[in-house]
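> test case, fold it:
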Amino acid sequence: MARSELQTRRMDAVRAWSTFVEHGDEAEPLVRPEILHSWTRSEAAISTDVREAPLADESETAAFWRGSPLQTAVERVEAELRRTAEDGDLVVAVTDPQTRILWTYGGRVMRRKAETVNFVAGGRWDDQSVGTNALDLATRLDAPAMVFSAEHYAPIVHNWVCWAAPVHDPVTGAQLGVIDLSTTWDRTHPIGLATARVMARLIEAAMPSGHHGAGLLDEGAEPGLSMRLLGTAETWLDGQRLLLNRRQTEVLALLAMHPEGLSLEHLHALVYGDQAVTLSTLKAEVSHLRSALGGQLSSRPYRLMMPVATDVDLVLDLLRSGRVAAAVDAYGGDLLPGTNSPALTELAEYVAVAVREALLADPQPDAVVRYVERAPYDTEVVEVCLARLAGTPHPAVPLLKGRLAAARQ
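Residues are numbered from 1 along each chain as shown. Next up is the predicted model:
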């Protein structure tokens, strides 16, 4: 783009931003809807005079990066990422799903600029921490995003242009984070967003084989059955993913929760309750499962004949040992959302309440921030945590206040 055209675009962005800061919704016709929405979110959480992004705990960030499949993938394509950064004088960043930067590399000029605003490993770049930016938009919208100049909420990055694209697990489709490319606004180029997409695909293609999603439950670590049931429904046998329908997953989950085994009638009651479903229908589901499990499902009673690990057991074990933050990390959300199995509905309530009560009793700020991403309307947990932090400059405070404001709208 010609410099004069870029300067006009920059002035338009500054005009829209100034209108929003001074007159709020009067900026609506001047800016893209996703930018206006993010400005509104940002305004509720931070002031425009924010000087830098808050930093997460350094050792916690490093530990997460070491345990992330993203580290392996980035290391495999690091030469390409570095070359892109150097050739375009960009700063390249890779984040986790909460928009915390895990890895960066910058060209000579942009590296220095990035350091002054904590665009570094550990920097929290969600819009509740540092205002509207491409990393946050790509994370929340799960789509490539560009933010130009004063489309950023915080003036500290009004001289930047950023392109970001989400990075997904190639097997499960789960979002693992985003990759962002940033430089100064006057170096804006139409190919920027496409380059971010290409870099994201490059990282996805470099994921370690056998990886099935991030988290504390390692599906391929030991032989046996591994089930992720909180917020999703994924099952592996000896490291290989099983393709099961919803009802088969529910049956298998109940068998996993009852290692002593279940009779046909008891299993039927747990799965269907008082629904008018025949025993033959359940037998057919069990028969399919037996085949998928290579025959490792016995009859009379129905019982799994291999080691079993679930994220439900992991979360409850962590809570029992008082490791609340680790339990929240492992808690992906509601157990099999939408299930109509009475037994699983009851278990879902038990796990959700257990996590919530643990946080109310011990509202660790970083754990609460992660929890409210999964339970955004649980204002009581946020309020208890903010009360505990009253008068302290903890970096979680603006995040939690922003979340509280958003939940009350």
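> all helices of the stretch 301-409 of the chain, in order?
311-320, 324-330, 342-361, 365-374, 379-389, 396-408 (DSSP state H, counting those that start in this stretch).
> packing partners for the second one?
Using 3 or more C-beta pairs under 8 Å, 6 or more residues apart in numbering; DSSP states H and E, the elements in contact with helix 324-330 are helix 311-320, helix 342-361, helix 365-374. Bear in mind the C-beta positions are built from the backbone N, C-alpha and C, glycine included.
> any chance of TSV for those helices, columns distance to residue 81?
Formatted as TSV, the helices and strands packed on helix 324-330 follow (distance: least, C-beta to C-beta, whole Å):
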stretch	distance to residue 81
helix 311-320	32
helix 342-361	36
helix 365-374	27
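> can you report how many residues lie near residue 291?
Residues contacting residue 291 under the criterion other C-beta atoms under 10 Å number 10.
> with just CA atoms, put the helix or strand harbouring it into PDB.
Here residue 291 is covered by helix 279-292, with elements defined by DSSP states H and E. Presented in PDB, the C-alpha positions along helix 279-292 are these (Å, rounded to 0.1, in the frame of the first residue of the first chain):
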ATOM      1  CA  LEU A 279     -32.200 -53.400  26.800                       C
ATOM      2  CA  SER A 280     -31.500 -54.600  23.200                       C
ATOM      3  CA  THR A 281     -30.500 -51.100  22.200                       C
ATOM      4  CA  LEU A 282     -28.000 -50.900  25.100                       C
ATOM      5  CA  LYS A 283     -26.600 -54.300  24.200                       C
ATOM      6  CA  ALA A 284     -26.000 -53.100  20.700                       C
ATOM      7  CA  GLU A 285     -24.000 -50.100  22.000                       C
ATOM      8  CA  VAL A 286     -22.000 -52.400  24.300                       C
ATOM      9  CA  SER A 287     -21.300 -54.800  21.400                       C
ATOM     10  CA  HIS A 288     -19.900 -51.900  19.300                       C
ATOM     11  CA  LEU A 289     -17.700 -50.800  22.200                       C
ATOM     12  CA  ARG A 290     -16.400 -54.300  22.800                       C
ATOM     13  CA  SER A 291     -15.300 -54.400  19.100                       C
ATOM     14  CA  ALA A 292     -13.700 -51.000  19.300                       C
END
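> for residue 70, find the nearest of the helices and strands packed on helix 324-330.
Nearest of the helices and strands packed on helix 324-330 to residue 70, taken as C-beta to C-beta: helix 365-374 at 17.3 Å.
> check which residues of the closest one are buried.
365-372, 374 (16 or more other C-beta atoms under 10 Å).
> try stretch 197-208
For stretch 197-208, the neighbour count (16+ other C-beta under 10 Å) marks 197, 199-200, 202-204, 206-207 as buried.
> repeat for stretch 291-305
In stretch 291-305, counting by 16+ other C-beta under 10 Å, buried: 292-293, 297, 302, 304.
> please enumerate the strands of the stretch 201-350 of the chain.
For the stretch 201-350 of the chain, the strands defined by DSSP state E, counting those that start in this stretch occupy 225-228, 234-237, 240-241, 297-298, 303-304, 308-310.
> out of these, which gets the lowest mean score?
For these, mean pLDDT drops lowest on strand 240-241, to a mean of 84.
> summarise which helices and strands the helix or strand hosting residue 70 is packed against.
Assigned by DSSP H and E, residue 70 belongs to helix 69-76. Counting by 3+ C-beta pairs under 8 Å, 6+ apart, the packing neighbours recorded for helix 69-76 are strand 101-106, strand 175-184, helix 192-205.
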